[in-house]
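In: here you go, sequence then predicted model.
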Amino acid sequence: MKTIGLIGGLSWESSAQYYRLLNEGVRARLGGLHSARILLLSLDFAPIAALQASGDWDVLDEQMADAARSLAAGGAEMLLIGANTMHLCADAVKAASDVPLLHIADPAIAAVRAAGFSRVGLLGTAFTMEKPFYTVRMAAAGIAAIIPGEADRAIVHRIIYDELVQGVVRDASRAEYRRIIAALIADGAEAIVLGCTEIMLLVGEADSAVPMFDTLALHVDAAIEAALAP
């Protein structure tokens, strides 16, 4: 079993889900007392969020590269960034060591393509919805991403940062996400991609009239497959 290096704390709410699902997935595949080999470097999210808000991505690149080097030095044989937004730093992480990075968008793209969909609604932070690093990767695979309008993007983003990353789950916010999901479907989305690792804390399949793809769960499944591959 390969050792998975997880850059976490982005937020720790989702990192806790990564840890649980990675271990549950390995146990389901190998049985008995088996669990995943994981190196977790959990960062302090408050200064990271501040740097995101101020657009200091060069600083964030170096911090994420430092995290990748630390995990590589500790024996990680593959790397995960436990957040969609921080894949804005994916190139810096890949350049920091020879340890391969499993990009969070790739398992989701593969799952969407396998299901035969070509137009999906994308929910995530404003960075993920508005910056091209994610949508361009999807477009290169033949998948068109539909994002909410400006006002709804602000709502989605606010709920992530003001509530979900702080462990707050509100029925009123779930209702807002349901409304926004319905609007994306009305705009032609054949499925919904949860492009933020905290959104799965708020909504699931029951909240959408079309299939939903949880990037965190798909990232975990792909990591387990890679870790257990001969």
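Out: Nice, thanks for sending it over. Residues are numbered from 1 along each chain as shown.
In: from here on, contacts and neighbour counts on C-alpha atoms
Out: OK.
In: stretch 171-180: which residues count as buried?
Out: Residues of stretch 171-180 classed as buried by neighbour count (16 or more other Cα atoms under 10 Å): S173, R174, Y177, R178, I180.
In: reformat the residues you listed as CSV; add distance to E62 and secondary structure.
Out: Listed next are these as CSV, based on distance: Cα to Cα, whole Å; DSSP: H, G, I helix; E, B strand; the rest coil:
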residue, distance to E62, secondary structure
S173, 34, helix
R174, 35, helix
Y177, 34, helix
R178, 37, helix
I180, 35, helix
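In: longest helix anywhere in the chain?
Out: helix 12-30 (DSSP state H).
In: ends of stretch 198-216, how far apart?
Out: Terminal residues of stretch 198-216 are spaced 8 Å apart (Cα to Cα, to the nearest Å).
In: about what we covered before: and the contacts of the longest helix of the chain?
Out: Applying Cα atoms under 8 Å, 6 or more residues apart in numbering, the contact partners of helix 12-30 are 8-9, 33-36, 42, 82-83, 164-167, 197-198, 216-217, 220-221, 224.
In: ChimeraX command to pick out the buried ones of those residues?
Out: Listed next is the ChimeraX selection for buried residues among the contacts of helix 12-30, using 16+ other Cα under 10 Å:
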select :8,9,35,36,42,82,83,164,165,167,197,198,216,217,220,221,224
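In: before we move on, back to that, what is the nearest of the buried residues of stretch 171-180 to E130?
Out: Using Cα to Cα, I180 comes nearest to E130 of these, at 16.0 Å.
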